[in-house]
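K.L.:
dropping a prediction and its sequence here:
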Amino acid sequence: MTFVQRLGAAAGRIEQRLGELLAECGPEKGERPAAAMQHALLGGGKRFRPFLVIESAALFDVPIERALDAGAAFECVHCYSLAHDDLPAMDDDALRRGQPTVHKAFDEWTAILAGDALLTLAFEITARDKTHADPSVRADLTHLLAQAAGGRGMVLGQMLDLAAEKRGEPQQPSVDHVRRLQALKTGALLAASCEAGAVLGRASQAERAAVRRYGEDLGLAFQIADDLLDAEGDAATVGKATGKDSAAGKATLVSLIGIEAARRQLAEVVQSAERALEPFGNRAATLIDAAHFAANRAH
Ligand code: GRG
């Protein structure tokens, strides 16, 4: 099986489980938030974060069935962040995953509430005993996800991004500033997804730290690839508007150091991700493929 086939097969399982979890824990069918949450959560997306949870857990012999719910929780947070990011007050997008964004398909207040409900659903899932039999593992997962999503993680990254775009702060963003912003906005959830697999597998501290380091490099690679796609990709392939960063005068790694240097940095972080997984030998082959996929993706 190629990497893309493996990702696609996992995405099918994840999609199915997300639908089941929405039915089990989400609002009653027919209620307005249910339809909007479904729009935000189902029918598209690479499901890369749950895939990372599943594959990191597999390093520690955790079968996919025992990693699906934790992965689904990470995807709920990711989909909430996309629904909110697309709002007019934030990035103002009409297209996501080749479909109308949630506020275009419904309206703004519904998109805000559906996002809120998805974020909350994520923590309901990590707290459920179906997610893991051991309450200390559930508490660890909940803590990890909250830290990655919150005011020291993704929300702070989004805040820095919007402050730069809408308030011109800081006036001359440095490469370090952009890297920190991106590590928080995109990297925090990706790194935590990898770490969650180690939590599910009750990995040692050293193993957990190695998987985390891999996840941080992967997050950087993912974001540099996103900047390159925005600079070079076309909307039909990427599934959302491109060229937005330069149109908004946004500082990205690409705008600060140029396409060629960004490509070199991308290759370096992929190598660093590979090094982090050396202790796992051949068992880490799929995660190494995942780092290459994140770096070379076309959407
Ligand atoms: C609203 C608190 C809050 C945060 C939003 C995730 C995010 C933060 C903004 C999304 C903007 C963006 C395009 C970020 C770049 C990287 C990224 C997260 C891309 C989308 O993730 P993919 O490619 O999407 O995994 P799919 O559709 O495959 O799930």
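P.N.:
Structure received.
K.L.:
residue 170 in helix, strand or coil?
P.N.:
Classification of residue 170 using DSSP: H, G, I helix; E, B strand; the rest coil returns coil.
K.L.:
for residue 81, list the residues it contacts.
P.N.:
Residue 81 is in contact with 115, 149, 154, 158, 189, counting by CB atoms under 8 Å, 6 or more residues apart in numbering. Every residue, glycine included, has its C-beta placed from N, CA and C.
K.L.:
restrict these to contacts with the ligand.
P.N.:
Applying CB under 6 Å from any ligand atom to the contacts of residue 81, one finds that 154, 158 fall near the ligand.
K.L.:
ok, so of the contacts of residue 81, who is nearest residue 252?
P.N.:
Among the contacts of residue 81, residue 158 lies closest to residue 252 (CB to CB), at 14.8 Å.
K.L.:
if I read this right, the closest one contacts residue 91, doesn't it?
P.N.:
No: taking contact to mean CB atoms under 8 Å, the distance of 9.2 Å between residue 158 and residue 91 leaves them out of contact.
K.L.:
who touches both of these two?
P.N.:
When contacts are counted by CB under 8 Å, 6+ apart, the set common to residue 158 and residue 91 consists of residue 85.
K.L.:
near the ligand, which residues of the stretch 51-200 of the chain?
P.N.:
Proximity of the stretch 51-200 of the chain to the ligand, by CB under 6 Å from any ligand atom, involves residues 78, 81-82, 84-85, 97, 154-155, 158, 185-186.
K.L.:
mind putting those into JSON lines with pLDDT and secondary structure?
P.N.:
JSON lines is the format used below for these (pLDDT from 0 to 100; DSSP: H, G, I helix; E, B strand; the rest coil):
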{"residue": "78", "pLDDT": "98", "secondary structure": "helix"}
{"residue": "81", "pLDDT": "98", "secondary structure": "helix"}
{"residue": "82", "pLDDT": "98", "secondary structure": "helix"}
{"residue": "84", "pLDDT": "98", "secondary structure": "helix"}
{"residue": "85", "pLDDT": "98", "secondary structure": "helix"}
{"residue": "97", "pLDDT": "93", "secondary structure": "coil"}
{"residue": "154", "pLDDT": "98", "secondary structure": "helix"}
{"residue": "155", "pLDDT": "98", "secondary structure": "helix"}
{"residue": "158", "pLDDT": "97", "secondary structure": "helix"}
{"residue": "185", "pLDDT": "96", "secondary structure": "helix"}
{"residue": "186", "pLDDT": "94", "secondary structure": "helix"}
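K.L.:
among these, name the buried ones.
P.N.:
Burial of those was assessed by neighbour count (16 or more other CB atoms under 10 Å); the buried members are 78, 81-82, 84-85, 97, 154-155, 158, 185-186.
K.L.:
now, among the residues you listed, which is nearest to residue 108?
P.N.:
Checking those against residue 108 with CB to CB, the nearest one is residue 84 at 10.4 Å.
K.L.:
next, the contact list for the closest one, please.
P.N.:
Neighbouring residues of residue 84 by CB under 8 Å, 6+ apart: 90, 111-112, 115.
K.L.:
what about 10 Å?
P.N.:
Residues counted as contacts of residue 84 (CB atoms under 10 Å, 6 or more residues apart in numbering) are 40, 90-91, 102-103, 111-112, 114-116, 118-119, 155, 158.
K.L.:
where's it relative to residue 188, distance?
P.N.:
15 Å (CB to CB, to the nearest Å).
K.L.:
returning to that earlier point: and the buried ones among the residues of the stretch 51-200 of the chain next to the ligand as a markdown table, adding distance to residue 215?
P.N.:
What follows is those, written out as a markdown table (distance: CB to CB, whole Å):
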| residue | distance to residue 215 |
| --- | --- |
| 78 | 14 |
| 81 | 17 |
| 82 | 19 |
| 84 | 23 |
| 85 | 21 |
| 97 | 23 |
| 154 | 14 |
| 155 | 19 |
| 158 | 19 |
| 185 | 15 |
| 186 | 11 |
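K.L.:
report the two of those separated the most.
P.N.:
97 and 155 (22.1 Å).
K.L.:
please enumerate the helices of the stretch 101-250 of the chain.
P.N.:
Per DSSP state H, counting those that start in this stretch, the stretch 101-250 of the chain carries helices over the ranges 102-105, 108-127, 135-149, 154-167, 175-182, 188-200, 205-232, 235-238, 244-247.
K.L.:
report the rounded mean pLDDT for the longest one.
P.N.:
Pointing back at helix 205-232 there. Taken as a whole, helix 205-232 has an average pLDDT of 94.
K.L.:
same check on the fifth one?
P.N.:
The average pLDDT for helix 175-182 rounds to 94.
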